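Enquirer: next input, structure requested:
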Amino acid sequence: MGTPCHFALFDLKPDYRLDLDQLAARYRDLARTVHPDRFADASDREQRLALERAAQLNDAYQTLKSAPRRALYLLALKGRELPLEATVQDPQFLLQQMQWREELEDLHDSADLDGVGAFKRRLKAAQSELDADFADCWDDASRREEAERLVRRMQFLDKLTHEVRQLEERLDD
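Expert: From the prediction side, this is the model:
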C-alpha cells in the first residue's frame, strides 16, 4: 500500500495553492491524535505505530508548508522526481543570482540594515511571482520543463532568503 499521499493525510487535494493557516490547524489536530503520550499504556507495537504516524505526519507537514518542497513533491506525484542539484539551464536566472549575491555581499560589508529590509522585500516579491507562475503550470504536462525551472528558482530564493535572515540577525545584535 505504501505511505499515503501527504495531501491525503490532511484531507486536501494535491494543489500548490494552500491555506497555510488551515494546514497548521489541521496538523495540530492530527498531531494530538497520534502523540506518543496518548499511547503510554498501549502495547509496544501500538507505541511504535504511533511514533511512525507522528513522524510521517511531521514529514508531510514540513513538506507541504515549504513552498519549494511542496512544489517538488507535486512534481514527484506527477511523474519523475526532480534531481535535487540539477545544473540550471537558465542563463537569465544565473545572471540574476550573481547580481543578488553581489548585492547581499555589499549589504554584508556595509552593515546596512535598511538595505537588508528592502532586499528582503524584493526577494519576497520575486518569490510571490514564482509562486503564481508555478501554481499556473505545475499540473500541465506540456509545461513540465517550465515547472521544473521554477522549482529550481524557488529553491535558490529560499536559500537566499535564509541567508538574508541570518545577516539581519547578525546586524540586529
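Enquirer: can we go C-alpha only for contacts and neighbour counts from here?
Expert: Will do.
Enquirer: buried set for stretch 28-44?
Expert: By 16 or more other C-alpha atoms under 10 Å, the buried positions in stretch 28-44 come out as L30, A31, V34, H35, P36, F39.
Enquirer: name the residue closest to the centre of this protein, please.
Expert: S66 (2.3 Å; C-alpha atoms, centre = their mean).
Enquirer: what kind of secondary structure is P14 in?
Expert: coil (DSSP: H, G, I helix; E, B strand; the rest coil).
Enquirer: my read is that it contacts A76, right?
Expert: No. Contact criterion C-alpha atoms under 8 Å: P14 and A76 do not qualify, at 11.5 Å.
Enquirer: out of these two, which sits in the busier spot?
Expert: The residue with more neighbours, out of P14 and A76, is P14; 17 against 12, by other C-alpha atoms under 10 Å.
Enquirer: run through the protein and note the low-pLDDT ranges.
Expert: Residue ranges of the chain with pLDDT under 70: 1-3, 80, 82-88.
Enquirer: give me that answer again for 80
Expert: For the chain, the stretches with pLDDT under 80 are 1-4, 36, 80-89.
Enquirer: elements contacting the longest helix along it?
Expert: Taking DSSP state H as the criterion, the chain has its longest helix at helix 144-172. Under the contact definition 3 or more C-alpha pairs under 8 Å, 6 or more residues apart in numbering; DSSP states H and E, helix 144-172 sits against helix 67-78, helix 91-110, helix 113-137.
Enquirer: report the buried residues of that helix.
Expert: Here helix 144-172 shows 144, 147-155, 157-158, 160-161, 164, 167-168 as buried, counting by 16+ other C-alpha under 10 Å.
Enquirer: please report phi then psi for A24.
Expert: phi -60, psi -40 (degrees, to the nearest 10).
Enquirer: what sits against it?
Expert: With contact taken as C-alpha atoms under 8 Å, 6 or more residues apart in numbering, A24 is in contact with Y61.
Enquirer: give the contact list for E46.
Expert: Counted by C-alpha under 8 Å, 6+ apart, E46 has contacts F39.
Enquirer: mind giving me the domain ranges of this protein?
Expert: Domain segmentation of the chain under automatic domain parsing yields 6-65, 91-172.
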